[in-house]
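> sequence-free structure coming up:
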């Protein structure tokens, strides 16, 4: 019987080895602890229901755009994910990996892009091109967990593979904007920002900084990434000789000349009045750099298409300060930010920030086939966006109120089941009490369940053709204003008798008043 | 650029170590293969959309019964799952396991019941009791894959923890029956069967077979489990001295007397005319066995409650032949079977069989706390049930037809985007072509995407205020009846010009005729 708790109720069961089955934990005082692994969590009804609604909305928009759903498994071969470290002959520590029984390394997917790459490479010939798919699912990161930072979380990705066209990027940006509004965010609550990786390379090149000098280029990129935190002055120092922080620690800079640094700062923190002026300004900054000109051309095409479709800077705007994934993206990069203030953990008012991002990464399939295939994609951080929607009061789902039908006498349980069947047929959420408790326990249960109404049908009532309805919400309200328990117990306002035949109608009336 | 394909589009990115980032796969001819690990699979749009619909229906029924959703993570501590083998100091091979960086073993859940046990044990004081939850999600089995047998699949579980009452079991059976009908199965297409583990123990006891003689009891259980395959005669032999199969191999039997064997066969393959007669017959077979009497009492309570609620033997019936999970369950066991014939892989007509099952397992929490908590649950095998619904023609989802708007001139892409926006606003699924192909490629693309209609707006047409609609379904139909390609290319029946202002109305008319 010891293994009874392991009962797998599904059509397939796992059978532990026989020698193990007969063991009794009762004889072992060393019981396992009921605890979750670090960085993982359980999720309850409110969050699940809200997430279901949110995912359905996103699916609705993506479907309407003609993107097709695709699911890939949790596991991939570690080498197919590009997470196998040949130097040490084992997988990267950042992914959850294990050896299959044929000695090949498997890893849990850490994003939805790498499995897409594998899928596209495997089925390239048969896919419509461009191939536009969306996927929602868990990803796993074997990283140190922190507050709000879990090792399993949900991403919702959409990617277009096989098109180098600005249309493909513009479409994703429009879709992202439409999605945020479909989720209930108002225009002005969010902004989708776009930049192009080639522009910064162009500015670097035009400033006489060799793109091949990866060390210096890396220092420049990290410095720019700190603009929000350190401001123009701090970044300026980091682009030059270096910067001493409050604690006195000195960070060596990129060693650029003041002119070079100024040029880069003019790019990432521009002072142009509108987008057109900004684009002209950048044209000057990239000078004669070929890669810069290519970036500017790509960006202009995307922005023009967006503007022609009515997606102006109130929804999608150009922002050279967006430096996400700069090491990996090959062209356009974008990020959706929420602009309204929220309180952080220290109670400070901050802007909510990024909830989605993406960009163009044109070497998707090449890793497998050697053939470069242009691709662009966007990913929504589902949990983060849901927190944001909750802050805006648009995440919650009004679940149908719950009715708990008590069981006065266990031998008459069928009568209670008959009542819940009628209530369900009327579209209500209803349950008959299936425990062994007495009436007091049953009311406590109904309270704990957050039920709106309890239904009681005693033997006498049944004989009279009546049932009692107890308004639990009103009861709780009244309970606040009564001084003693005896007064509350005597309080009958929240409870009344109705004809059994009128039960459904009476409950609907009560709920509509609530 | 080599790592560009690894771009994580989400708000969190995984950064590979710097030494790894600079490497180029281009210099390595040894590219990874684009392949899936054994026993895993990708899933496409048709299956995903049908599954979404199915899961939404099940959720709807379970919600209406007042069950609450719960999600648990993919990982649990191996010891919390009960899958750690202390003898060899490592996890059971049947589960996917790995060591966390603090040296503790983690495993992927292999069902949804063990995580429920952990959750209940951890939160017991605060949960409403009975605690009724449902959970849907992937489970992983580190087993040898086979045809239709994957190492990752989806289960949909509902369990009631903290009630020993027959009401709890009866509720699950009614809910399972309601669910199958809500999914589109007709009464008669399915049957929910119920048995009780204590009954067989009672028959064994009354036959003078000691329950403590686990070896003999195991032989008896395995023999009964073969009833479908071997028939009464074969099982009878296995209960007695033994049985020689077609290949001449001899399987040693349980060594029961003919009377004992007869008694057991009378239990598992009864000849009673109706359920009442059957229950009386079993009463005789279990004789004075206490455990048998307890099983009979439990079974009677459940069946009476079901009958009083209108769930007669056309939906839920007693069947002593159901022997699922006999080693793990402690009381009621149930199984939903589909009764209609399907063709198996050999083309033979067989009954579809089990799609869901479950039962009572009363030692759920005891493993963690030592405190026995009664529990009962049911699990639906999602993929299997979906295959069954497909066979019945009730699984498919009529997706909104797709409209592909071609792009005649890339500089005019905004015009195509404007058209798809109008179509989407009218509730249609529409996309503008975002690739770089010419018109011929675009039509091929639309065909491959299974689009219903292609929209073409050339420069001349735009000047006239017209667009061309191409009925791709009709086009394909006509193409079948033409003899040569030249004849088909000349065929204009499937294509016509309409006013740009009437576009949405014209498309809706075309679709309604289709």
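Nice, thanks for sending it over. Source: prediction; values computed, not measured.
> Distance check, residue A:40 against residue B:161.
21 Å (Cβ to Cβ, to the nearest Å). Yep, even glycine has a C-beta here, placed from its N, CA and C like the rest.
> More neighbours: the two, which one.
Applying other Cβ atoms under 10 Å in any protein chain shown to residue A:40 and residue B:161 shows that residue B:161 carries more neighbours, namely 24 against 18.
> mind checking how far the more buried one is from chain A?
10 Å (Cβ to the nearest Cβ, to the nearest Å).
> Please report phi then psi for that residue.
For residue B:161, the backbone dihedrals (degrees, to the nearest 10) come out as phi -110, psi 130.
> what's the answer for residue A:467, then?
Phi and psi for residue A:467, reported as degrees, to the nearest 10, are phi -140, psi 160.
> pretty sure it contacts residue A:419?
Yes - between residue A:467 and residue A:419 there is a contact under Cβ atoms under 8 Å: 7.5 Å.
> For those two, list the residues in contact with both.
Counting by Cβ atoms under 8 Å, 6 or more residues apart in numbering or on different chains, the residues touching both residue A:467 and residue A:419 are A:455, A:457, A:503.
> For chain B, see how far away the first one is.
This means residue A:455. Counting by Cβ to the nearest Cβ, the gap from residue A:455 to chain B is 13 Å.
> Show me where the stretch 1-150 of chain A has its strands.
A:68-69, A:75-77, A:84-85, A:90-91, A:97-99, A:105-108, A:131-140 (DSSP state E, counting those that start in this stretch).
> which secondary structure elements does the fourth one contact?
This points to strand A:90-91. Other elements packing on strand A:90-91 under the criterion 3 or more Cβ pairs under 8 Å, 6 or more residues apart in numbering or on different chains; DSSP states H and E are strand A:84-85, strand A:105-108.
> I'd like these as CSV, with distance to residue A:303 and mean neighbour count appended.
Compiled in CSV, the helices and strands packed on strand A:90-91 are given as follows (distance: least, Cβ to Cβ, whole Å; neighbours: other Cβ atoms under 10 Å in any protein chain shown):
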stretch, distance to residue A:303, mean neighbour count
strand A:84-85, 40, 18
strand A:105-108, 38, 25
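> between those, which gets nearest to chain B?
Of all the helices and strands packed on strand A:90-91, strand A:105-108 sits nearest to chain B, with 5.4 Å by Cβ to the nearest Cβ.
> Show me how far that closest one is from its chain's centre.
23 Å (Cα atoms, centre = their mean, to the nearest Å).
> what does that strand rub up against?
By Cβ under 8 Å, 6+ apart, strand A:105-108 touches A:74-79, A:81, A:83-84, A:90-91, A:95-100, A:139-140, B:37, B:74.
> Sort out which of those residues are buried, if you could.
Neighbour-count burial (16 or more other Cβ atoms under 10 Å in any protein chain shown) applied to the contacts of strand A:105-108 gives A:74-79, A:81, A:83-84, A:91, A:95-98, A:100, A:139-140, B:37, B:74.
> these two touch, right, residue A:270 and residue A:284?
No - between residue A:270 and residue A:284 there is no contact under Cβ under 8 Å: 11.0 Å.
> Among these two, which residue is more densely surrounded?
A direct count of neighbours by other Cβ under 10 Å for residue A:270 and residue A:284 places residue A:270 higher, at 17 against 10.
> what helix or strand does that one sit in?
For residue A:270, there is no enclosing helix or strand under DSSP states H and E.
> same deal with residue A:509?
Per DSSP H and E: helix A:503-513 holds residue A:509.
> And the pLDDT at the nearest residue to residue A:39 once chain neighbours are set aside?
Nearest non-adjacent residue to residue A:39, counting by Cβ to Cβ, 6 or more residues apart in numbering or on different chains: residue A:145, 3.0 Å away. Per-residue pLDDT puts residue A:145 at 91.
> Kindly report the same for residue A:482.
For residue A:482, the pLDDT comes out at 57.
> Please report how far the closest residue to residue A:140 other than its chain neighbours lies from residue A:185.
Distance criterion Cβ to Cβ, 6+ apart; nearest residue to residue A:140, sequence neighbours excluded, is residue A:108 at 4.2 Å. Separation of residue A:108 from residue A:185 (Cβ to Cβ) stands at 32 Å.
> Next: residue A:343.
19 Å.
> So the two - more neighbours on which side?
Neighbour count, other Cβ under 10 Å: between residue A:343 and residue A:185, residue A:185 has more, with 22 against 10.
> helix or strand for the more buried one, which one?
Following DSSP H and E, there is no helix or strand that holds residue A:185.
> Bridge partners for residue A:193, pull those for me.
On the basis of DSSP bridges, residue A:193 is bridged to residue A:317, residue A:335.
> That one contacts residue A:334, correct?
Yes - counting by Cβ under 8 Å, residue A:334 is a contact partner of residue A:193 at 6.4 Å.
> Look at the spatially most central residue of chain A and report its pLDDT.
For chain A, the residue nearest the mean C-alpha position is residue A:382 (1.0 Å; Cα atoms, centre = their mean). With respect to pLDDT, residue A:382 has a value of 95.
> Check residue A:98 too.
For residue A:98, the model assigns a pLDDT of 95.
> if we can go back for a sec, can you lay out the helices and strands packed on strand A:90-91 as JSON lines showing mean pLDDT?
Shown next, in JSON lines, are these (pLDDT from 0 to 100):
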{"stretch": "strand A:84-85", "mean pLDDT": "80"}
{"stretch": "strand A:105-108", "mean pLDDT": "97"}
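> Make a markdown table from these and add distance to residue A:126 to it.
Shown next, in a markdown table, are the helices and strands packed on strand A:90-91 (distance: least, Cβ to Cβ, whole Å):
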| stretch | distance to residue A:126 |
| --- | --- |
| strand A:84-85 | 27 |
| strand A:105-108 | 26 |
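> mind listing what the nearest residue to residue A:344 once chain neighbours are set aside touches?
For residue A:344, ignoring the flanking residues on the chain, the nearest one in space by Cβ to Cβ, 6+ apart is residue A:350 at 4.9 Å. By Cβ under 8 Å, 6+ apart, residue A:350 lies in contact with A:341, A:342, A:343, A:344.
> Who is residue A:350 paired with across the strands?
Bridge pairing for residue A:350 - DSSP bridges - gives residue A:342.
> got a pLDDT number for it?
pLDDT at residue A:350 comes out at 80.
> how close does it get to residue A:340?
10 Å.
> Now do the shared contacts for the two.
Between them, residue A:350 and residue A:340 share no contacting residue, judged by Cβ under 8 Å, 6+ apart.
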